[in-house]
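In: no FASTA, just this:
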C-alpha cells in the first residue's frame, strides 16, 4: 500500500494561499516510466484536491488543484531540463505555489514559472497519499529521503542541494590559519605561594551506552553536578505528520547542562569547541605550583568526610508499557493469477472389464 495519512493529522489547518513543496528522492528501474502521484490530497469522497504528478512516459511534472471558478487548474512542466529528473540518480524537487503562479525548481535551479487560476481551499476530512500509481492506485517503488511542506513559498528558493550525493553544494575556502600557542613564562617565588586555581575543563570521557539520563539542577553560582562523558547515541525517529523518516544516526555529545540561573547561557564561552571561536588573553602570570598538603591532625581526622558532587551513573529504568494496537489495515488488492501448474503423474492401470450379453429372441423362418 502507498503511504496514507489522514489530512487533518498532516495539515490540520489546510494549505495556505502560498506555500512550498520540497522533496528529495530517486526513481528505481521499475518506476522511471510510470505515471504516478508523488503527492496527492483527496477529500472524504475520494475527489482529488491537490497533487503533484510525475509522467514518466512523457517526462513531465504536473501540478493539479481544485479551481475556484472551474473544476481544476493545472501547470505542466515539460522541457529538456525536466527530462534529467527521470534517471536513477538522487534529485530534489522544489515547487513554489503562489496565488496566481507555480514555479518549479530542480536540483536547486529554477526551471520555469507558469500562471494558474485561483484555487479552492482543500478539504482536510480526506486523506493524503505518497507514491500512488494513477490508474490503479498501486504503490510505486522509489527511494524517498525527505518531503516537506513550508508555509513560506520562498523556502523553495532558499533550499540547498548539499544533501544530494554528488549534487551542487556551495563550499567556502578557509583563508585564516589557527592561532599559535603562546609561551608560558616561568613563575616567580611570590606567585608560587598563591592558592591553587581549580581547572574547570572536562577531561575526555569514556564511551557509554545510551540510557535514560538524569539531570541534577544546581543553585546559581554553583557548578552543575554532572560528570563529563562522551555519548554515542543511536536514534530512530519516525515523524508521520510530515512523512519525514530519519535513518539510524550516530552523533557525539560533549556536554549538556541546565542552570537554575538563566544568565549562565550568556556567560558561556566556546573554548570547548575544537576550532571554535575562543577569546584568548595573553598570559602574564603562570599558574601557581601546588602547595604541599599538611598531614591532618587527630582532631581533623574525626571530621565527617566531604561528599563529592559528581553524580554516579543512574540505574537503568524499567521497560515502558507496550503501545496500543493499531487499527486494522484496508483490504488489499487481489493478487495476480498464478502460473499454470505442471501436468499430473500417469494414473494406475484399471481392472479388466466383464462383457455382459443377453440371448436374443429366435427368428422366424422365411420361405423363398
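Out: Noted; the coordinates are in hand. As the structure is a computational prediction, the values presented were derived from the model and not from experiment. Numbering: from 1, shown residues only.
In: Surely residue 6 touches residue 127?
Out: Yes - between residue 6 and residue 127 there is a contact at 6.1 Å, judged by C-beta atoms under 8 Å. Heads up, the C-betas are built off the backbone N, CA and C, glycines and all.
In: Looking only at neighbour counts, state which of those two leads.
Out: More crowded of residue 6 and residue 127, by other C-beta atoms under 10 Å: residue 127, with 18 against 14.
In: My guess is the more buried one contacts residue 4. True?
Out: Yes - contact criterion C-beta under 8 Å: residue 127 and residue 4 qualify, at 5.5 Å.
In: Next, the contact list for residue 46, please.
Out: Applying C-beta atoms under 8 Å, 6 or more residues apart in numbering to residue 46 gives the contacts residue 126.
In: could you measure it against residue 168, distance?
Out: Distance of residue 46 to residue 168, given as C-beta to C-beta, to the nearest Å: 40 Å.
In: Kindly report the same for residue 151.
Out: For residue 151, the distance to residue 168 equals 26 Å [C-beta to C-beta].
In: Kindly report the same for residue 271.
Out: Distance of residue 271 to residue 168, computed by C-beta to C-beta: 35 Å.
In: Show me the strands in the chain, by range?
Out: Taking DSSP state E, the strands of the chain run over residues 3-6, 19-27, 35-42, 48-55, 60-66, 72-77, 91-97, 101-106, 109-115, 127-133, 142-150, 207-208, 230-239, 244-253.
In: looking at these, which is buried most?
Out: strand 91-97 (a mean of 23; mean count of other C-beta atoms under 10 Å).
In: Other residues contacting that one?
Out: Strand 91-97 has contacts (C-beta under 8 Å, 6+ apart) with 18-26, 38, 52, 61, 63, 84-85, 102-108, 153-154, 156-157, 159, 161, 163-164, 167.
In: just stretch 26-38 next, same as before
Out: Residues outside stretch 26-38 that contact it (C-beta under 8 Å, 6+ apart) are 23, 25, 51-57, 86-91, 93, 129-135, 140-143.
In: where along the chain do the helices fall?
Out: All helices of the chain, identified by DSSP state H, fall at 7-10, 80-83, 155-158, 189-192, 264-267, 298-301.
In: May I have the residues that are in contact with residue 64?
Out: Taking C-beta under 8 Å, 6+ apart as the test, what residue 64 contacts is 48, 50-53, 72-74.
In: Show me what it is bridged to.
Out: Note on residue 64: beta-bridge partners residue 51, residue 74, judged by DSSP bridges.
In: Could you pull up the mean pLDDT of stretch 36-43?
Out: What stretch 36-43 shows for mean pLDDT is 94.
In: ignore the last one, stretch 91-99
Out: The average pLDDT for stretch 91-99 rounds to 94.
In: Let me know the closest of the contacts of residue 64 to residue 98.
Out: Nearest to residue 98 among the contacts of residue 64 is residue 73, at 12.5 Å by C-beta to C-beta.
In: Hmm, residue 116 and that closest one touching each other?
Out: Yes - if you go by C-beta under 8 Å, residue 73 and residue 116 touch, sitting 4.8 Å apart.
In: how does this structure divide up, domain by domain?
Out: Domain segmentation of the chain under automatic domain parsing yields 3-158, 202-268.
In: so which of these gets nearest residue 327?
Out: Closest among the domains of the chain, using C-beta to C-beta: domain 3-158, at 10.9 Å.
In: first to last residue in the closest one, what's the distance?
Out: End-to-end distance of domain 3-158: 27 Å, with C-alpha to C-alpha, to the nearest Å as the criterion.
In: same check, this time on stretch 349-358
Out: Counting by C-alpha to C-alpha, you get 28 Å between the two ends of stretch 349-358.
In: and that stretch, which residues are buried?
Out: Buried residues in stretch 349-358, counting neighbours by 16 or more other C-beta atoms under 10 Å, are absent.
In: Which helix or strand in the protein has the lowest average pLDDT?
Out: Using mean pLDDT, DSSP states H and E, strand 230-239 stands out as the lowest-scoring helix or strand of the chain, at a mean of 32.
In: any idea how far residue 334 is from residue 324?
Out: Counting by C-beta to C-beta, the gap from residue 334 to residue 324 is 31 Å.
In: And residue 74, by the same measure?
Out: Using C-beta to C-beta, we find residue 74 at a distance of 41 Å from residue 324.
In: And for residue 62?
Out: Look at residue 62 and residue 324: by C-beta to C-beta, they are 40 Å apart.
In: Next: residue 186.
Out: Per C-beta to C-beta, residue 186 is found 70 Å from residue 324.
In: Poorly predicted segments of the stretch 201-350 of the chain, please.
Out: 201-252, 255, 259, 274-276, 278-294, 296, 298-311 (pLDDT under 70).
In: rewinding a little: in TSV: the strands of the chain, plus distance to residue 13.
Out: As requested, these are exported to TSV (distance: least, C-beta to C-beta, whole Å):
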stretch	distance to residue 13
strand 3-6	14
strand 19-27	11
strand 35-42	13
strand 48-55	14
strand 60-66	17
strand 72-77	22
strand 91-97	16
strand 101-106	21
strand 109-115	26
strand 127-133	14
strand 142-150	12
strand 207-208	43
strand 230-239	18
strand 244-253	19
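In: Looking at those strands, which is nearest to residue 342?
Out: The nearest among these, by C-beta to C-beta, is strand 127-133 at 33.5 Å.
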